[in-house]
Structure formats: C-alpha cells, structure tokens
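Peer 1: I would like to see how this sequence folds:
(one chain, ligands or ions: 1)
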Amino acid sequence: MTTWRAHRLEELPPYLFVEIDRRKREAIAAGRDVIDFGVGDPDQPTPGFIVDRMADAIRRPGNHRYALGVGGSEFRTAVADFFVRRFGVKLDPKTEVVALLGSKEGIGHLPTAVVNPGETVLIPDPGYPVYTAGTIFAGGKCHTMSLRESNGWLPVLGDVPAEVRRTAKLMFLNYPNNPTTACAPLSFFEEAVAFAREHHILIAQDAAYSEVYFDPDHPPPSILQVEGAKDVAVEFHSLSKTFNMTGWRVGFAVGNADALAALAKVKNNLDSGIFGAVQEAGVEALTGIRRAEVLAHIGPDGTYRRRRDVLIAGLRESGWSVASPQATFYVWAKCPGGLDSLTVASRVLDDADVVLIPGIGFGRCGEGYVRIALTVDESRTAKAVERIARLKW
Ligand SMILES: *Cc1c(COP(=O)(O)O)cnc(C)c1O
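Peer 2: So this is what the prediction gives:
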C-alpha cells in the first residue's frame, strides 16, 4: 500500500506513553476512580478580569478581521512594559517582540527560521519534546545535553564535544525547567551567553514557567538580564501557565532582532496572526499580573503552593525522596526502591489508580524519576498520597 507519510515523521522519537495511556483509559472505562497528575495543564479557570476583557473585545468588528503580522502594537508594548517591570530589561516593541500562537508554536518554528539542513541543535535531556520535533522538521541534527541532579539539572557546557560546537547553530534551554523544576541562576545564563558568543550559537531559552514560582523574594531571572544577551539569545514566554490560558493560544518571543525577524518571516508565510480579541485579553493579563485573582494560584500562598506542600509531605512520609520545587507546577520525584520510571508509573496506576508521568518519556536522563503535576485539587491530592503510601516497593 502507498503511504502518504513523509520520511521525516519516522525520525520523530517514539511516543512512550502509549501503554500508560491505554491502561489509564481502561481504568476509567472500568469505573475506577482515577486521579490524574499527568497533564501539565492548569485545572483552574482563566481569571475573570481577563475573560471580561475578551467578552468586550469579541464584539469589536475590528477584531474579526485578519490580525496580520506578529502582534499589534498594543500587545507588543504591553510585553515591553511587562519586561521592564519584571526583569528591568528594555525591549524595542517593534523589533524585539514577536507575538506567538502559544510559545510551542514559536519554539517549533524557530529551527526552520534559523537552522540550515545538517546544522546541529543542542537539546536538553530530559526536555520538552518540541525542541526535538522542530529540529527534525527543519532538517537539523539533534545533539542532547545531559541534565543531571548532581549539576542542579543544568547542562555542562564544557562537555559539548569540539566537533559539535563547530556545527552547532542553536541551543535550547528551559528554566524554570519542565520536567525537573530546576531554576537557573543568572550566573548560569552568563556562562551560556559567553559560550554562545564564542561558538556562534543562538540560544533559545524557554521561559514558559518564569511566573510560576513560590518564593516572592527570588523570582526566576530572564536570560536577557545578562549584559549583551540580545546579541545571541531569544527567550520564549507564554501566558498559558501563568494565567490558566492554555486553550487561548498566546505567547511571545523576545530578544535578538535578527532571529526574531527570521521567525516572523516563517510565521508570516504560515499563519495570519493571533485573534485580535485574544491579543486584547493578553494585554489585560500582562498589565494585571499582580492582581489578587492571578496571585490566588501562582502567589506565595496560592493554590499550587498548598498542593505542593500536601504532596511533598505525604510522599516523604511514605519514604519517597523528593525535593520541594521552587518553581513550575510539577514535582519531580525520585523513583522509590531504585526502580525504573515505567515500572513505578505502571504500579501506581494499577494499584493506586493514580497517573504519574515516567521520566523516561522526557529523555534518557529522565529515567529514575517521575513527574507529578500540581493540577489536582488539595483534597484529591491528599487522597492520592494516601493511596500511594499503601504501596510496598
Ligand atoms: C507548556 C509549555 C510550553 C508551551 O506552552 P504554550 O501553551 O504553547 O505557550 C513551552 N515550554 C514548556 C517547557 C512547557 O511546559
């Protein structure tokens, strides 16, 4: 039989959750009370003031037409204002800000914009799968950088072999990190910028979780706070996780104007901009980020912190070794009994009706860990912890 599938699809890494997915659906179909910590998607609604702005904006006929280009000037100015307030970094809204249909879209398209076929892209392992997929679609070569707990889940840049440095064009970083929850200190970003400058590599730092952090005195930095970073770096931001807006599809990229112009060129040939009403809602979100409704979940005493504390305390009591995350809405827990992550996730599903994500799904260096998303309410989280505590490893 003829297949219509292009060869490049065969190059994508296999999807490792097939088996877990199948068993989860079976359990639900069998009427078992499954508690799902799998999906990295906020369970709470978008704050009301953002929805209200959307409701007004949707009635404006001007918003019903193509919103061509990479974001209206109001949206891009709101991003620049947010960046000054939050990071003390000045951006030119015309050339250093590009609006995205969610940051995943921009991350996926960036290699097409900046990487030539055969050039190498440095990709963290474990990591968000889009870095690899975008690289493969662009004809680039993936070189993984191992992240290890012993190095704070930061890549050791000195370990990148000399011949790889020569052909490398792009390096993905992601802090605060999914799945490990690690944060990068500004000193690491300084090191990365120096490395990128020396080897002529563009850095793409994924900051989707920059606003989901627990200690108000230590907000995660932007790579653009590093002197001269704009010469070699772009940073991706998202409204999805900060404002419970995953379904709205809005994010942005900031930084190096030349790389962003290349990304804009790809986008202008493929999409026709973000719905104007969504852009208006995005402006409202970015200017209202300190409002109580937003802080109710990401704030210092918010929902995620309470869930985190219930989960961490419960797991530790039952003998799990688990660090309390400083950012993101995940917990990255070491597998009990030295078991592998698929075994642990299967047992927890079969015997406790609880869904966790095996770390191996994020790459080889994720083996030995499971990811638990804080997207389940406090009482169900407590219930899940009780069930897990009954398991013997
Ligand atoms: C969720 C996520 C994103 C993408 O979010 P969008 O909804 O596309 O803005 C990007 N990077 C990481 C690491 C994520 O977890």
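Peer 1: stretch 260-267 near the ligand at all?
Peer 2: No - judged by CB under 6 Å from any ligand atom, stretch 260-267 stays clear of the ligand, getting no closer than 14.0 Å. Quick note: C-beta positions are derived from backbone N, CA and C, even for glycine.
Peer 1: tell me how far G302 lies from F37.
Peer 2: 18 Å (CB to CB, to the nearest Å).
Peer 1: more crowded one of those two?
Peer 2: Higher neighbour count among G302 and F37: F37, with 24 against 16, using other CB atoms under 10 Å.
Peer 1: go ahead and confirm the more buried one touches V354.
Peer 2: Yes - counting by CB atoms under 8 Å, F37 touches V354, with 6.7 Å between them.
Peer 1: whichever residue of the stretch 251-393 of the chain sits closest to the ligand: what's it in contact with?
Peer 2: Ranked by CB to the nearest ligand atom, the top residue of the stretch 251-393 of the chain for proximity to the ligand is G251, at 4.0 Å. Taking CB atoms under 8 Å, 6 or more residues apart in numbering, we find G251 in contact with 99-106, 208, 236-240.
Peer 1: of all the residues you listed, which comes closest to K392?
Peer 2: The nearest member of the contacts of G251 to K392, counting by CB to CB, is A208 at 37.2 Å.
Peer 1: the closest one: neighbour count?
Peer 2: 24.
Peer 1: could you find the closest non-adjacent residue to it?
Peer 2: Excluding the flanking residues, the one nearest A208 by CB to CB, 6 or more residues apart in numbering is S238, at 4.3 Å.
Peer 1: and D350, by the same measure?
Peer 2: The shortest distance from D350 to any non-neighbouring residue, by CB to CB, 6+ apart, is to R23 (7.0 Å).
Peer 1: R53 now?
Peer 2: Spatial nearest neighbour of R53, excluding adjacent residues (CB to CB, 6+ apart): E284 at 4.0 Å.
Peer 1: the one you found should be in a strand, yeah?
Peer 2: No - according to DSSP: H, G, I helix; E, B strand; the rest coil, E284 belongs to no strand; its state is helix.
Peer 1: contacting residues for it?
Peer 2: E284 makes contact with F49, I50, R53 under the criterion CB under 8 Å, 6+ apart.
Peer 1: can you pull the contacts of the residue nearest to D350?
Peer 2: S346, L349, D350.
Peer 1: just T167 next, same as before
Peer 2: So T167 contacts G118, E119, T120, K141 (CB under 8 Å, 6+ apart).
Peer 1: how near is it to the ligand?
Peer 2: 25 Å (CB to the nearest ligand atom, to the nearest Å).
Peer 1: residues of the worst-scoring helix or strand of the chain on mean pLDDT that come out buried?
Peer 2: One helix or strand of the chain scores below all others by mean pLDDT, DSSP states H and E: helix 18-29, with a mean of 87. Neighbour counts over helix 18-29 (16 or more other CB atoms under 10 Å) mark I20, R23, K24, A27 as buried.
Peer 1: and the next helix or strand past that helix?
Peer 2: Using DSSP states H and E, the helix or strand that follows helix 18-29 in sequence is strand 35-36.
Peer 1: packing partners of the very next helix or strand once past that following strand?
Peer 2: Using DSSP H and E, the helix or strand that follows strand 35-36 in sequence is helix 48-57. For helix 48-57, the elements it packs on are helix 276-287, judged by 3 or more CB pairs under 8 Å, 6 or more residues apart in numbering; DSSP states H and E.
Peer 1: what mean pLDDT does the helix it packs on have?
Peer 2: Averaging pLDDT along helix 276-287 gives 98.
Peer 1: how far off centre is it?
Peer 2: Offset of helix 276-287 from its chain centre (CA atoms, centre = their mean, to the nearest Å): 20 Å.
Peer 1: residue numbers of the stretch 101-250 of the chain in contact with the ligand?
Peer 2: Residues of the stretch 101-250 of the chain lying near the ligand (CB under 6 Å from any ligand atom): G102, S103, K104, Y128, N174, N178, D206, A208, S238, S240, K241, T246.
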